[in-house]
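# predicted model and sequence below, questions to follow.
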Amino acid sequence: MAESIETEERGIRFTIEEVAGAVGDFGTIFPIMLGVAIVCPDVNVSHFFLFLAAWFIIAGLYYRLPIPIEPMKAIGAVVIAGGLSHGEIVASGLIVGAIFLIIGFIGGMNWIGDRIPKSVIRGVQAGLALILLRTSLGYIVSDVLVAAISIGIILVFFIVSQRTRIPDISALLVLIIGLAAGIATQGMPPFRLMPLPALILPALPDFAAATWDLALPQIPLTITNAILATSLLTYDLFPKKGVDPDRLSRTIGAMNLISTPLGGFPMCHGAGGLAAMYRFGARTGGANIVAGILVLTFAVVFAPPEVLTLIPFGVFGALLVFVALELGKHSAKTESYLVTAVIAVLTLTVGLTVAFIVGMTLAYALKRWEKTGAPGVDGP
């Protein structure tokens, strides 16, 4: 905590730590983007990365903190599972963008946040940590040797950085090693320039499908993790520069309304991404700018699917393990371990929407029970 207080007044910096932190969230971003591109042949993944890069840079300049830009995970998961059309993806981005822009401007997110106990938000963080661990195991099992080497590198840098002034650049290093190994075995990817974005207008049936299949599962996740949990984590890590939930809601609304009609994927912030960037050294908006430049390189110079498939899955698995541990550590700062644990388990086994509803019900029931003087109850 002392370190974050000392560094948070320094503004945007470009140090080796910021560069290392810039790639800290890439392990969760790239698989979602690539997975959507594989199942939806009518999308252009280079446009996904173009707008992701642009908003990384904008967020770094606007917040002056390492506020991550991520693809919306619930939308990505549903698309990958169901192979929905590009029109439905665009429609979902317009729907969630309009909702969160309006909520942010009227101050509604603070109102909502005041009515969601912190134990519920911590439960969402814990549930996402478990999901990340489960996902990481899938990557690790499919590529055990590379994952073991990557985990070893991260552990060595973590131990050394704790005892010396040597920065932890493990995330950057394992990504470079993985990419080099892919090029050595598969060759250089083909050179390909990115086509200019074009306006995409969804049909009316796209909006109906997007509302039920994509927007509704995404909204609870965005409220809890991308906005409330992210805001709470900014106050944990940067006490003097914590970000108000309505500001996060407004930027989520703006970037989706602007980007998705031009071919961008629905995007949000995320507590997991913030934990990852912070874990690997990011302390200012400089990390965002570096991340944006790196992602822009993928979008403009290379054909992103070929480039990303060069990186072994074991690298992503190793990064996700430590991201999950960082996120899980913050979830322990809860007011009710019962509520947080129930939400975490249900998120892993049933889904976030059900876990959120059950957790809210349990939290308010415990609060009411506590007010009536029931003995031995850990209130939310």
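All right, it came through fine.
# could you list the low-pLDDT ranges of this protein?
Applying pLDDT under 70 to the chain flags the ranges 1-10, 81, 83, 164-168, 301-305, 308, 373-380.
# quick check: longest helix in it by residues?
Ranked by residue count, the top helix of the chain under DSSP state H comes out as helix 118-142.
# buried residues in that helix, which are they?
For helix 118-142, the neighbour count (16 or more other Cβ atoms under 10 Å) marks 118-133, 135-136, 139-140 as buried. For glycine as for every other residue, the C-beta is placed from the backbone atoms N, C-alpha and C.
# do the same with stretch 351-371
For stretch 351-371, by 16+ other Cβ under 10 Å, it's 351-353, 355-356, 358-360, 362-363, 366-367.
# stretch 98-113 too?
Within stretch 98-113, the residues scored as buried using 16+ other Cβ under 10 Å are 99-101, 103-104, 108-110, 112-113.
# likewise stretch 147-167?
Buried residues in stretch 147-167, counting neighbours by 16+ other Cβ under 10 Å, are found at 147, 149-151, 153-154, 157, 161, 167.
# what secondary structure does residue 282 sit in?
coil (DSSP: H, G, I helix; E, B strand; the rest coil).
# in which helix or strand would I find the nearest residue to it once chain neighbours are set aside?
Among residues not flanking residue 282 along the chain, residue 21 sits closest, at 2.6 Å (Cβ to Cβ, 6 or more residues apart in numbering). Here residue 21, judged by DSSP states H and E, is contained in helix 16-22.
# give the other helices and strands that that helix contacts.
Applying 3 or more Cβ pairs under 8 Å, 6 or more residues apart in numbering; DSSP states H and E, one finds that helix 16-22 contacts helix 170-186, helix 271-279, helix 286-300.
# what ranges do the helices span in the stretch 1-150 of the chain?
2-7, 16-22, 26-39, 45-63, 73-82, 86-105, 108-114, 118-142, 144-163 (DSSP state H, counting those that start in this stretch).
# could you dump those helices to CSV with distance to residue 288?
Formatted as CSV, these follow (distance: least, Cβ to Cβ, whole Å):
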stretch, distance to residue 288
helix 2-7, 15
helix 16-22, 7
helix 26-39, 13
helix 45-63, 3
helix 73-82, 19
helix 86-105, 20
helix 108-114, 21
helix 118-142, 21
helix 144-163, 22
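# do you know which of those helices lies nearest residue 237?
Nearest to residue 237, of all the helices of the stretch 1-150 of the chain, is helix 2-7, at 5.1 Å by Cβ to Cβ.
# which residues touch residue 171?
20-21, 23-24, 26-27, 154, 276, 280, 319 (Cβ atoms under 8 Å, 6 or more residues apart in numbering).
# repeat for residue 213
78, 82, 84, 88.
# cool, and residue 294?
Counting by Cβ under 8 Å, 6+ apart, residue 294 has contacts 22-23, 53.
# now, which of these sits nearest residue 324?
Distances from residue 324 to the contacts of residue 294, taken by Cβ to Cβ, are shortest for residue 23, at 16.8 Å.
# doesn't residue 282 make contact with the closest one?
No. With contact defined as Cβ atoms under 8 Å, residue 23 does not reach residue 282; the gap is 9.5 Å.
# between those two, who's got more neighbours?
Taking other Cβ atoms under 10 Å, residue 23 and residue 282 do not tie; residue 282 has more neighbours (32 against 27).
# could you pull up phi and psi at the more buried one?
Main-chain torsions, residue 282, degrees, to the nearest 10: phi -70, psi 130.
# can you tell me how far it is from residue 156?
As judged by Cβ to Cβ, to the nearest Å, residue 282 and residue 156 stand 20 Å apart.
# before we move on, the earlier item: pipe the buried residues of stretch 147-167 into a markdown table and attach distance to residue 42 per row.
Conversion of the buried residues of stretch 147-167 to a markdown table gives the following (distance: Cβ to Cβ, whole Å):
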| residue | distance to residue 42 |
| --- | --- |
| 147 | 33 |
| 149 | 37 |
| 150 | 34 |
| 151 | 37 |
| 153 | 39 |
| 154 | 37 |
| 157 | 41 |
| 161 | 44 |
| 167 | 42 |
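# hmm, back to that, for residue 245, find the nearest of the helices of the stretch 1-150 of the chain.
helix 108-114 (4.1 Å).
# what's in contact with that closest one?
100, 102-103, 223, 227-228, 231, 244-246, 248-249.
# now for those residues: which two are most distant?
Maximum pairwise distance among the contacts of helix 108-114 (Cβ to Cβ): 18.0 Å, between 102 and 231.
# quick one, the strand or helix carrying residue 358 and helix 118-142 angle?
Using DSSP H and E, residue 358 maps to helix 352-371. Calculated by axes from the mean of the first three to the mean of the last three Cα atoms, to 10 degrees, helix 352-371 forms an angle of 150 degrees with helix 118-142.
# could you dump helix 352-371 to PDB, C-alpha only?
Output of helix 352-371 as PDB, limited to C-alpha atoms (Å, rounded to 0.1, in the frame of the first residue of the first chain):
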ATOM      1  CA  LEU A 352     -22.600 -15.200 -12.400                       C
ATOM      2  CA  THR A 353     -26.200 -14.100 -12.800                       C
ATOM      3  CA  VAL A 354     -27.600 -16.700 -10.500                       C
ATOM      4  CA  ALA A 355     -24.700 -16.300  -8.100                       C
ATOM      5  CA  PHE A 356     -25.300 -12.500  -8.000                       C
ATOM      6  CA  ILE A 357     -29.000 -12.900  -7.300                       C
ATOM      7  CA  VAL A 358     -28.500 -15.500  -4.600                       C
ATOM      8  CA  GLY A 359     -25.700 -13.500  -3.000                       C
ATOM      9  CA  MET A 360     -27.800 -10.300  -2.900                       C
ATOM     10  CA  THR A 361     -30.700 -12.200  -1.400                       C
ATOM     11  CA  LEU A 362     -28.400 -13.800   1.200                       C
ATOM     12  CA  ALA A 363     -26.600 -10.500   2.100                       C
ATOM     13  CA  TYR A 364     -29.900  -8.600   2.700                       C
ATOM     14  CA  ALA A 365     -31.400 -11.500   4.600                       C
ATOM     15  CA  LEU A 366     -28.300 -11.600   6.900                       C
ATOM     16  CA  LYS A 367     -28.500  -7.800   7.300                       C
ATOM     17  CA  ARG A 368     -32.100  -8.000   8.200                       C
ATOM     18  CA  TRP A 369     -31.500 -10.900  10.600                       C
ATOM     19  CA  GLU A 370     -28.600  -8.900  12.200                       C
ATOM     20  CA  LYS A 371     -30.900  -5.900  12.800                       C
END
